[in-house]
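S.K.: pasting the sequence and the predicted model now:
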Amino acid sequence: MIRPLTLVALMLTAAPVALSACAPAGEGVAQGDAAPGYQGIQTVLLEGDLVSFRVAMTGARDETDVEAYARCAAAQYALIRGAGFARHVRTNVARDGNTWRGDGVYLISAALPRGFKTIDAEVTVRDCGEQAIPTV
């Protein structure tokens, strides 16, 4: 037999789940919707073909959105410079209130660079366009 207090506790914990199941699809954060606001890209030549891409955005779901923004900037920059590839060196991400900032460093290269985190600039720029992520 279930005690009255236990029954009330079960009802209180189950009610939000039951109500959220009735919400229309595509509404709210539960569906993973994001409304990114891309605030700009700053390109800084560090040394040789080593370039930093400083990005800022609002509405990011997490640091992966900021990293993607920097990656898109690096890919477009590589194409502008006549290079077809880039190798990711590192990306630092910080959040200040609603604003996310990233500093991604990439080695720009005409030939496929050594390493695991390489990107094909042309393919990446096309993918960024499909995802509506701006580039340089």
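M.R.: Alright, I've got the coordinates. Numbering: from 1, shown residues only.

S.K.: quick check, pLDDT for the most centrally placed residue in the chain.
M.R.: For the chain, the residue sitting closest to the mean C-alpha position, by CA atoms, centre = their mean, is residue 65 at 1.0 Å. Note for residue 65: predicted pLDDT of 97.

S.K.: would you confirm that it belongs to a helix?
M.R.: Yes - assessed by DSSP: H, G, I helix; E, B strand; the rest coil, residue 65 belongs to a helix.

S.K.: ok, how many other residues are close to the residue lying closest to it once chain neighbours are set aside?
M.R.: In space, and not counting its chain neighbours, residue 65 is closest to residue 36: 6.3 Å by CB to CB, 6 or more residues apart in numbering. Bear in mind the C-beta positions are built from the backbone N, C-alpha and C, glycine included. Residue 36: 19 surrounding residues under other CB atoms under 10 Å.

S.K.: with residue 94 as the reference, measure out to residue 36.
M.R.: With distances taken as CB to CB, to the nearest Å, residue 36 is found 17 Å from residue 94.

S.K.: try residue 119
M.R.: Counting by CB to CB, the gap from residue 119 to residue 94 is 23 Å.

S.K.: so if I had to pick from the two, which one is more boxed in?
M.R.: Per other CB under 10 Å, whichever of residue 119 and residue 94 has more neighbours is residue 119, with 22 against 11.
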